[in-house]
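# Provide a 3D model corresponding to the input given below.
(chains A and B)
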Amino acid sequence: MAMKYVDEFRDPDKARTLVAEIRGLIPRIPRAGERPLQIMEVCGGHTHAIFRYGIQQMLPEEVEFVHGPGCPVCVLPMGRVDDCVAIAERPEVIFTTFGDAMRVPGSQKSLLKAKAEGADVRMVYSPLDALAIARKNPGREVVFFGLGFETTMPSTAMTLIQARRAGQTNFSLFCNHITIIPTIRAILDSADLQLDGFIGPGHVSMVIGTRAYDFIARDYHKPITVAGFEPLDVLHSLWMVLRQLAEGRCEVENQYGRIVPEAGNARALAAVDEVYELRPFFEWRGLGSIDHSGVRIRDAYAAFDAERKFSVPNVVVADPKACQCGEVLKGVIKPHECKVFGTACTPEMPLGSLMVSSEGACAAYYSYGRRERVPA
Amino acid sequence: MRRLIDEVFVRTFDNAALSALEDQATIALSELLAHGDRLAFTTDTYVVDPLFFPGGDIGKLAVAGTVNDLAMSGARPLFLSCGVVLEEGLPVETLHRVAASMKQMADRAGVKIVTGDTKVVERGAADKMFINTAGIGVVPAGISISAANARPGDVVIVNGVLGDHGTAILIARNQLSLEADIESDCQPLDGLVAAMLSSCRNIHCLRDATRGGLATVLNEFAQSSNVGIRISERDVPLREEVKGACEILGLDPLYLANEGRLVAVVPPDGADAVLAAMRAHPSGSSAAIIGEVTDERRGMVTMQTIFGGERIVDMLVGEQLPRIC
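Presented below is the predicted three-dimensional model:
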């Protein structure tokens, strides 16, 4: 039943109609003749859908997707991974994490390698599973690797609220949550920016609402459409952005109205506010330090903060010099134009984190399209 | 203790060669020659957690897996060995269940387990139970199947829905709060292969899509034969429950493991006959043509997506790890 619902959003006939409409819009966009129009999909889920369904190959050459920073695994700096490994290797710790964070390289090793060497690292599907492990193992310290944008923040916040209520003192969170808005702003402020518009993140917006993006249209004069994750959602949103460009508009539009309310989710936001506060700055892989782009755990929840509990080394490790992750993230170069793409940096031995997750632009390029452009 | 364990296997497998308790089984060459002109010989080691899962167990896997590796050459599987490593403290009852399951599968595939060995190691030195089986079979004269034999124009066929085994194991590990009625596809495929070969002697490639799934086998064919392979996502048979689990976990069903699914590359003039023979066999009732071999983009596998786009289907790197969101 659920799958039938999904299939509607994968209908190839509707896709063909939309592609034809997109072709029709191009001549009406003033800039389209000079260089390819660059539309950034902010979210890694969209990147994945674009590659998974071969959407770029269906489009006319005048339109290009630029794969943005919205894969939380990809933008995690090496120093934070080193901190994770340091916590995970403590004998009393059971370190719990989402699956795809296990392969992210630190300066010495990944969590996967630490696990192979004997650390108790366990893959879970939700922070509540980690809390359950804490309940079952009162003699151990259970740490959950909190990762992600506003999409996953409410679930970790709720988990900490539950843990505090239950007095679960052997549970803590290693908080690496990041926020999307300052990051989009940093990208918009960068000197080498060429983007023409944005496809906005659907699941983040389900939490924060669409009003948060008003500055993109108002201050930077770029159109943005908040989009769902099915391939028709992505095509439809692209069409909406291009229609704005053709009509000379810069607005925040919501293609994902079936999920995303304008004002966001008040209960989720309240939980987030209860547990987290903004950090003065947070280090991003490839993008450097961005002000107010991460959150930390408030003092009221200090007992559940792995950073304080285990006094992590918190060493800043510079990105490898050869890495051009930042330029890829900003859309200045394409993944395969990076100096080390496919040579020093491959999914087997990732140098940059964009090569790690299946949502990372480089890994997706490598797996789905590295050798040549597949004609439509 | 050791004797007790040996007895479980000897009594359960119940055949003269094993019961003789020699250090080796001896097989008359004339018996082998009756089946063909080449020996097929293979080995595989089975480690699975949990030992018992919906639709199978480690014993069933250990027999079916090795039988299938033999069958993919067109061989008639005949004899297996069985080496077992047990972790100290494993209940004898577990051993009985696994041995009975092996015997049942061996009978179904018409093979005999004629030699074996058991070792018990300290607690923690092994995870409950590991099984190695080696197998020999005989390839009938005139049959030549190889991953290097695919030619442009050939047709790619699978024998049924994909990814059931991988999904059943994921669910049995109980890491997901998912409930679905999916059983492993674990089964011996020698009977199906025999039926296919009797409809067309000239099958080009045959491989069972175990670890790494359909995508891995297709890439192996494309690279060994230096051809392109193009499949259609719409034609790849998948159960709704498997599709659903993959959606939720962010996994790609093309890479999920199977234990009773094969991929065949067949010349175009034999495709209809092979497909009909497969569908008439219980192990191939939902067989389907999923694509073709081309002379474009040699060494690569591409897929027409259900959405109308096209993407490359590459070799899997490492294990599939579920995505964060």
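# Tell me how many other residues crowd whatever residue of the stretch 151-300 of chain B ends up closest to chain A.
Of all residues in the stretch 151-300 of chain B, the one sitting closest to chain A is B:Glu240 (5.3 Å; C-beta to the nearest C-beta). Heads up, the C-betas are built off the backbone N, CA and C, glycines and all. The number of residues packed near B:Glu240 is 13, by other C-beta atoms under 10 Å in any protein chain shown.
# All the strands of the stretch 251-376 of chain A, in order from the start?
A:252-254, A:276-278, A:281-284, A:288-291, A:295-297 (DSSP state E, counting those that start in this stretch).
# same thing with the stretch 1-150 of chain B?
B:38-46, B:52-53, B:56-57, B:76-87, B:112-121, B:129-139.
# Determine how far the third one lies from the middle of the whole chain.
Distance of strand B:56-57 from the chain centroid (C-alpha atoms, centre = their mean, to the nearest Å) equals 13 Å.
# Show me the strands in the stretch 151-300 of chain B, by range?
Counting by DSSP E, counting those that start in this stretch, the strands of the stretch 151-300 of chain B are B:155-158, B:205-208, B:228-232, B:262-266, B:288-294.
# wait, which of those is closest to B:Pro54?
Closest approach to B:Pro54 among the strands of the stretch 151-300 of chain B (C-beta to C-beta): strand B:205-208, 19.8 Å.
# Check which residues of the closest one are buried.
B:Cys205, B:Leu206, B:Arg207, B:Asp208 (16 or more other C-beta atoms under 10 Å in any protein chain shown).
# Please name the residues that touch the second one.
For B:Leu206, the contacting residues are B:Met72, B:Ser73, B:Gly74, B:Ile145, B:Val193, B:Leu262, B:Val263, B:Ala264, B:Val265, by C-beta atoms under 8 Å, 6 or more residues apart in numbering or on different chains.
# with those in mind, which one is nearest to A:Leu173?
Of the contacts of B:Leu206, the one sitting nearest to A:Leu173 (C-beta to C-beta) turns out to be B:Val263, at 44.7 Å.
# how about the nearest residue to the closest one, chain neighbours excluded?
Excluding the flanking residues, the one nearest B:Val263 by C-beta to C-beta, 6 or more residues apart in numbering or on different chains is B:Val217, at 4.7 Å.
# contacting residues around the one you found?
Counting by C-beta under 8 Å, 6+ apart, the residues that B:Val217 touches are B:Arg207, B:Asp208, B:Ala209, B:Val263.
# what does A:Ile161 give?
A:Ala271, A:Glu274, A:Val275.
# Mind doing that once more with 10 Å?
A:Ala271, A:Glu274, A:Val275, A:Tyr301, A:Phe304 (C-beta atoms under 10 Å, 6 or more residues apart in numbering or on different chains).
# neighbours around the second one, how many?
Using other C-beta under 10 Å, the number of residues around A:Glu274 comes to 15.
# Look up how far B:Thr305 lies from the closest residue to chain B within chain A.
As assessed by C-beta to the nearest C-beta, chain B sits closest to A:Gly54 within chain A, at 2.6 Å. Distance, A:Gly54 to B:Thr305, by C-beta to C-beta, to the nearest Å: 5 Å.
# swap in A:Val104?
From A:Val104 over to B:Thr305 (counting by C-beta to C-beta), the distance is 28 Å.
# B:His165 now?
24 Å.
# Looking at the two, which is more packed in?
B:His165 (29 against 22).
# ok, how many other residues are close to the closest residue to chain A within the stretch 1-150 of chain B?
Residue nearest to chain A within the stretch 1-150 of chain B (C-beta to the nearest C-beta): B:Gly124, separated by 11.9 Å. Using other C-beta under 10 Å, B:Gly124 has 9 neighbouring residues.
# And A:His292, by the same measure?
As a burial measure, A:His292 scores 15 neighbours (other C-beta under 10 Å).
# what sits against it?
Residues in contact with A:His292 (C-beta under 10 Å, 6+ apart) are A:Thr179, A:Ile181, A:Pro182, A:Thr183, A:Arg185, A:Leu278, A:Arg279, A:Pro280, A:Phe281, A:Phe282.
# give me phi/psi at it?
phi 50, psi 30 (degrees, to the nearest 10).
# From A:Gln162, how far off is it?
27 Å.
# do the same with B:Ser224
For B:Ser224, the distance to A:Gln162 equals 54 Å [C-beta to C-beta].
# before we move on, the earlier item: out of the contacts of A:Ile161, who's the most crowded?
That'd be A:Val275 among the contacts of A:Ile161, by other C-beta under 10 Å, with 27 neighbours.
# Report the contact partners of that residue.
Neighbours of A:Val275 in contact, by C-beta under 10 Å, 6+ apart: A:153-154, A:156-161, A:164, A:173, A:175, A:177, A:295-298, A:300-301, A:304-305.
# From these, list just the buried residues.
A:153-154, A:156-160, A:164, A:173, A:175, A:177, A:295-297, A:301, A:304-305.
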